[in-house]
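# model this:
(chains A and B)
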Amino acid sequence: MRSEPVAHPSPDHHPSSGRFASPPLIQITGLVKRYGSKTAVDGLDLKASAGITAVLGPNGAGKTTTIETCEGYRKPDAGTVRVLGLDPVREAAALRPRIGVMLQSGGVYSGARADEMLRHIAKLHAHPLDVDALIERLGLGSCGRTTYRRLSGGQQQRLALALAVVGRPELVFLDEPTAGLDPQARRATWDLVRELRADGVSVILTTHHMDEAEQLADDVAIIDAGKVIAQGSPEQLCKGGAENTLRFSGRPGLDIASLLKALPMDTLAAELTPGSYRVTGTVDPQLLATVTSWCAQHGVMPDRISVERHTLEDVFLELTGKELRG
Amino acid sequence: MSAETPTAGTYAPKPGAAPMGRMITAQAVFETKMLLRNGEQLLLTVVIPSLLLVLFSTVDIIDTGSGDAVDFLAPGILALAVMSTAFTGQAISTGFERRYGVLKRLGTSPLPRWALMTAKTLSVLAIEVLQIALLTAIAFGLGWSPHGNPLSVVLLLILGTAAFSGLGLLMAGTLKAEATLAAANLVFLLLLVGGGVIVPLDKFPDAAQSVLGLLPISALSDGLRDVLQHGAGMPWGNLGILTVWSVLGLGVAARFFRWE
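Residues are numbered from 1 along each chain as shown, chains lettered A, B, ... in the order given. Below you'll find the model as predicted:
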């Protein structure tokens, strides 16, 4: 299914409402980027507002190219990109101090210690965070005198996150911030991202973990084949992208026609096997109430009632296909 | 502040670049620290030139012409020191910074690229000052008696640094880090032998001499020798050769340097 992109959520969706008068954080119109004969980004439109925006997509969909264009690393072949209202290439000098970038790997002098590197990047900013507090917050104190090349993958990852936020940016780009982290470190990273948002820092997040996007993002953009194919809050995407299911058991032979009359127009109901019923449609609290009250009216005890809501992963796979990409 | 109760507002945005002078100083100090910490770099920039100076001054291996061997060798070794830092060391460290994404990382920091290159130059100059101080002390210990105008010496050293920096950065910005490592060391070795550093150029056949004399290392060692050994004024010919190498090297490097 290739659905129309879901409408961008209204600004009052964001916890930081009242800011909707400000220009969008990121405004991309008709972005095209080619590498040789390969088109990585193909007329992409994307708008991101304050809060946390997750950018999802299969490998090779054009996520990294899009993000790197916003960071000023790539020059668009066509289209316009504005980040905090600025052109990332022409107005790089004005933009760079205002953004923080977390690279997927590397970015640190191989002979530098974690605290040294962090202190150094802090010195390039006018009002950096307290480096000692940040080291403690991210559990980097245990790195001691170890140089970067000998740090564990998780430590390198947390250092990369610290380097992205130490300059107190307005906007942070996090490229797969929890890839390869253990569950504890993953939670700690999520907590920090939530704290950033609570303090008014906006975040653009790319990830392959759908639960991460579901947990953190106010807004999700799904990119495939160089275009945004769906965008909205995780709730909107799960509701709009696919149908949900409600199941219950009762005595066999219930009057399905009567149940259907009580339900909204686009809802389906069926007795799959004797005594086992399925309702498909937009499963919201109202629908659940309608089903249970219909059962009550007909003296039916709906046993094993369960709601199967589609996760972001279901929606993602439905939109981008299940086959493996090369 | 503990991990459990982060203070609200800790991360409240307050962006801004540090003043340019502070950024450049911080970057130069940091890069110098990294270079001084790197054992392979110190071998190349400090140990090898010092050993060659002591060895060839005290053991009669090569006929360096009339006069004390150290008077011939010290200028050549100073030229070698400049090459080891500005060319070989800078090529290798910058090549690996590019490979490890350090240049990319700094690309989104408030430090502009020109300021990064300025800091790299300052760091190279700082290392050279340390090298020259050490090698001069060793040379004096070996009975060196230099002549000439210090201004000519400084001018030669600066133009030599510019010429070698251009070539080193060209290599670092276009080749793979491993290739840069191998090529920079190979070039170092070849120029050490064929650039008038410890072997006088007049030991080579005439045809080779005229070509070798155009190399930046030959221009620098010959120029330094003219001044320090023979008390010449401005060695204009050698300064000219170094200027051409500087303009070419830095120009081509600026054109073809890839940051990622």
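
# Report the contact partners of the residue most central in space within chain B.
Note on chain B: the residue nearest the mean C-alpha position is residue B:86, at 1.8 Å, using C-alpha atoms, centre = their mean. Going by C-beta atoms under 8 Å, 6 or more residues apart in numbering or on different chains, residue B:86 touches B:124, B:128, B:160, B:161, B:162, B:163, B:164, B:165, B:168. Just so you know, the C-beta spots here come from the backbone N, C-alpha and C atoms, and that holds for glycine as well.

# between the residues you listed, which is closest to chain A?
Closest to chain A out of these is residue B:124 (16.0 Å), distances taken as C-beta to the nearest C-beta.

# pretty sure the closest one is touching residue B:160, no?
No: taking C-beta atoms under 8 Å as the definition, residue B:124 is not a contact partner of residue B:160, at 11.1 Å.

# out of these two, which sits in the busier spot?
Neighbour count, other C-beta atoms under 10 Å in any protein chain shown: between residue B:124 and residue B:160, residue B:160 has more, with 30 against 26.

# wait, what's in contact with the closest residue to the more buried one other than its chain neighbours?
Once flanking residues are discounted, residue B:160 sits nearest to residue B:220: 4.0 Å by C-beta to C-beta, 6 or more residues apart in numbering or on different chains. Contacts for residue B:220 (C-beta under 8 Å, 6+ apart) come out as B:79, B:82, B:83, B:156, B:157, B:159, B:160, B:163, B:238, B:242.

# Could you tell me the phi and psi values at residue B:220?
Main-chain torsions, residue B:220, degrees, to the nearest 10: phi -70, psi -50.

# That one and residue B:68: what is the separation?
Here residue B:220 is placed at a distance of 21 Å from residue B:68 (C-beta to C-beta, to the nearest Å).

# Let's verify residue A:41: helix, strand, or coil?
strand (DSSP: H, G, I helix; E, B strand; the rest coil).

# how many other residues sit next to it?
28.

# what does the one 10 residues further on give?
Neighbouring residues of residue A:51 were enumerated by other C-beta under 10 Å; the total is 24.

# can you check residue A:128 too?
Residues lying near residue A:128 (other C-beta under 10 Å) number 20.

# Find the residue closest to it in space, skipping its chain neighbours.
residue A:122 (3.7 Å).

# element containing the one you found?
Taking DSSP states H and E as the criterion, residue A:122 maps to helix A:114-123.

# what helices or strands is that helix leaning on?
On a contact count with 3 or more C-beta pairs under 8 Å, 6 or more residues apart in numbering or on different chains; DSSP states H and E, helix A:114-123 meets helix A:131-137, helix A:153-165, helix B:20-37.

# let's see 10 Å
helix A:131-137, helix A:153-165, helix B:20-37, helix B:102-107 (3 or more C-beta pairs under 10 Å, 6 or more residues apart in numbering or on different chains; DSSP states H and E).

# After the longest one, which helix or strand is next?
Going down the chain from helix B:20-37, the next helix or strand is helix B:39-42, by DSSP H and E.

# Pull the number of nearby residues for residue A:301.
Residue A:301 has 11 neighbours, counted by other C-beta under 10 Å.

# ok, the residue nearest to it when sequence neighbours are not counted - contacts?
Nearest residue to residue A:301, sequence neighbours excluded (C-beta to C-beta, 6+ apart): residue A:250, at 6.7 Å. Taking C-beta atoms under 10 Å, 6 or more residues apart in numbering or on different chains, we find residue A:250 in contact with A:271, A:275-277, A:295, A:298-305.

# closest to residue A:174 among the residues you listed?
Distance to residue A:174, by C-beta to C-beta, is smallest for residue A:305 among those, at 39.3 Å.

# Please, which helix or strand holds the nearest residue to the residue nearest to the centre of chain B once chain neighbours are set aside?
Leaving out its chain neighbours, the residue that sits closest to residue B:86 by C-beta to C-beta, 6+ apart is residue B:164, at 3.7 Å. For residue B:164, the host element (DSSP H and E) is helix B:150-174.
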